[in-house]
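**Student:** One predicted model, sequence on top.
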Amino acid sequence: MARLITISAAYGAGGSVVAPTLAERLGVPFIDRVTGRPADLVRATAHGERLSADEAGITPVHRLLGSLSHAMPAGPTLSPPSNRERDDEIRRAAEAEVLAIADAGGAVVLGRAAAVVLGRDRGFHVRLDGPEDRRLAQGAKVEGVSLDEATAHMQAADKARTLYVRRLYRADPTAASHYHLVVDSTAIPLGLVVELILQASAASAATQE
């Protein structure tokens with residue numbers, strides 16, 4: 001059984017339900033999302049299928065991520081670092097966290113561009129997605145909000161998560177090539193999605209032994 005599983009999930013695809021349930025079933029830590037909160041990556045309040053507490057800029061890494069939208073004060077002989085320099089600093093810090101998690105042993109990691117950082121040879125990587133209308137309905141149900149509220153949350157969350165991966169890694173988080181398993185988790189009950197991932201990750205680990 002693979003004990004390092006990464007989950008990439010669009011809004012309403014159930015990542016906030018599936019990932020912690022997987023971690024509990026495997027008896028490993030659950031590591032929540034982390035994405036940038038600068039203005040151009042869109043800020044949203046943390047809750048459920050919306051941006052997580054990490055995404056709202058609470059952790060130390062996010063204080064660093066916040067620097068993307070705020071140039072550092074320049075002294076008489078100093079000039080602000082370029083956007084590329086800030087992006088490089090953020091990417092190094094984010095990658096260090098993901099690699100430390102991987103080195104520590106088993107975990108289920110939600111978001112963090114973990115599949116891109118680790119590559120297909122380390123861990124078992126899963127993408128949860130689905131048609132927008134079905135993700136919207138499922139997201140509203142998971143959060144217990146109206147469809148109008150869920151629409152705003154979906155627009156903010158999907159934009160922030162996609163731009164985080166595109167900006168820092170020049171990668172498309174929806175590309176199937178990053179993952180061992182891609183699931184339309186709006187067409188299958190989330191409990192069965194968990195079972196599917198457990199079986200698929202176990203089968204993948206067995207083929208590598």
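**Tutor:** Noted; the coordinates are in hand.
**Student:** show me what contacts A113?
**Tutor:** Contacts for A113 (Cβ atoms under 8 Å, 6 or more residues apart in numbering) come out as S8, A94, V98, Y164, V165, L168, Y169, A171, P173. Yep, even glycine has a C-beta here, placed from its N, CA and C like the rest.
**Student:** And it, how far from A96?
**Tutor:** 13 Å (Cβ to Cβ, to the nearest Å).
**Student:** lowest average confidence, helix or strand, in the chain?
**Tutor:** helix 60-65 (a mean of 44; mean pLDDT, DSSP states H and E).
**Student:** quick check: longest helix of this structure.
**Tutor:** In the chain, assigned by DSSP state H, the helix with the most residues is helix 147-169.
**Student:** got the buried residues for the helix or strand that that helix is followed by?
**Tutor:** Going down the chain from helix 147-169, the next helix or strand is strand 181-184, by DSSP states H and E. For strand 181-184, burial by neighbour count (16 or more other Cβ atoms under 10 Å) applies to L181, V182, V183.
**Student:** Check stretch 15-28 too.
**Tutor:** Buried residues in stretch 15-28 (16+ other Cβ under 10 Å): G15, S16, V17, V18, A19, P20, T21, L22, A23, L26, V28.
**Student:** Correct me if wrong: L190 contacts G12.
**Tutor:** No - using Cβ atoms under 8 Å as the test, L190 is too far from G12 to be in contact (11.1 Å).
**Student:** Could you pull up the residues touching the nearest residue to V17 once chain neighbours are set aside?
**Tutor:** Spatial nearest neighbour of V17, chain neighbours left out: L190 (5.1 Å); criterion: Cβ to Cβ, 6 or more residues apart in numbering. Shown in contact with L190 (Cβ under 8 Å, 6+ apart): G14, V17, V18, T21.
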